[in-house]
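Colleague: Sharing a model that was predicted from the sequence below.
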Amino acid sequence: MSVTLFNFLTPKAQTFYLDHKSTIRQVLEKLDSHKFSVVPLVDEDGKFISTISEGDILRYIKNKNKFNLEVAEKESIANIEKYRPYEPFEINMDIKKLFKLSLEQNFVPVVDDRGIYIGIVKRKSIIKYLYSNKEIDLSED
């Protein structure tokens, strides 16, 4: 059996992502309304930039020692330090790298050979697949 990225990929059109220039308030509202804790960030060309988490925003607020909703409407998330941004899987990488990334990340952003965000792989889909296809060898090289 040949395992490929496409066994797991949720296409970009079916995912939630944000512009990397979004404001803190926009991100807070989106995270709250969609109940996500981490989301991919892309630029105006669709290139994957990083991820932002609720924790990143909370650390930013804590370290600033203040939170003002009016300021949050103007402050870009580009100014927020990303504590543990998710590493993307490049479409030409070995599939084992995808499995390794999923051990540390709830989802794995996927980019094409130009760095364009094309979707995500959810840890849940990998676990389901591996459970139903136990013949896959995950041993280290």
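Modeller: Arrived safely, thanks for sending.

Colleague: Helix or strand with the lowest mean pLDDT in the chain?
Modeller: The weakest-scoring helix or strand in the chain, judged by mean pLDDT, DSSP states H and E, is helix 69-72 (a mean of 80).

Colleague: Any idea what the closest residue to residue 90 other than its chain neighbours is bridged to?
Modeller: Nearest in space to residue 90, with sequence neighbours left out and distances taken as Cβ to Cβ, 6 or more residues apart in numbering, is residue 111 at 5.7 Å. For glycine as for every other residue, the C-beta is placed from the backbone atoms N, C-alpha and C. Beta-bridge pairing of residue 111 under DSSP bridges involves residue 90, residue 117.

Colleague: Let me see the contact set for residue 111.
Modeller: 47, 48, 88, 89, 90, 91, 117, 118 (Cβ atoms under 8 Å, 6 or more residues apart in numbering).

Colleague: Just the buried residues of those residues.
Modeller: Listed as buried from the contacts of residue 111 are 48, 88, 89, 117, 118; burial here means 16 or more other Cβ atoms under 10 Å.

Colleague: The residue positioned nearest the centre of the chain: what's it in contact with?
Modeller: The residue lying closest to the centre of the chain (Cα atoms, centre = their mean) is residue 40, at 4.0 Å. Each residue near residue 40 by Cβ under 8 Å, 6+ apart is listed here: 15, 17, 18, 48, 50, 51, 86, 109, 117, 120.

Colleague: ok, which pair from the residues you listed is furthest apart?
Modeller: Using Cβ to Cβ, the contacts of residue 40 reach their maximum pairwise distance at 15 and 50, which is 15.1 Å.

Colleague: Show me the helices in this structure, by range?
Modeller: Per DSSP state H, the chain carries helices over the ranges 24-34, 54-64, 69-72, 95-104, 123-132.

Colleague: Now mean neighbour count too, for these, in a markdown table please.
Modeller: Shown next, in a markdown table, are the helices of the chain (neighbours: other Cβ atoms under 10 Å):
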| stretch | mean neighbour count |
| --- | --- |
| helix 24-34 | 15 |
| helix 54-64 | 14 |
| helix 69-72 | 12 |
| helix 95-104 | 16 |
| helix 123-132 | 13 |
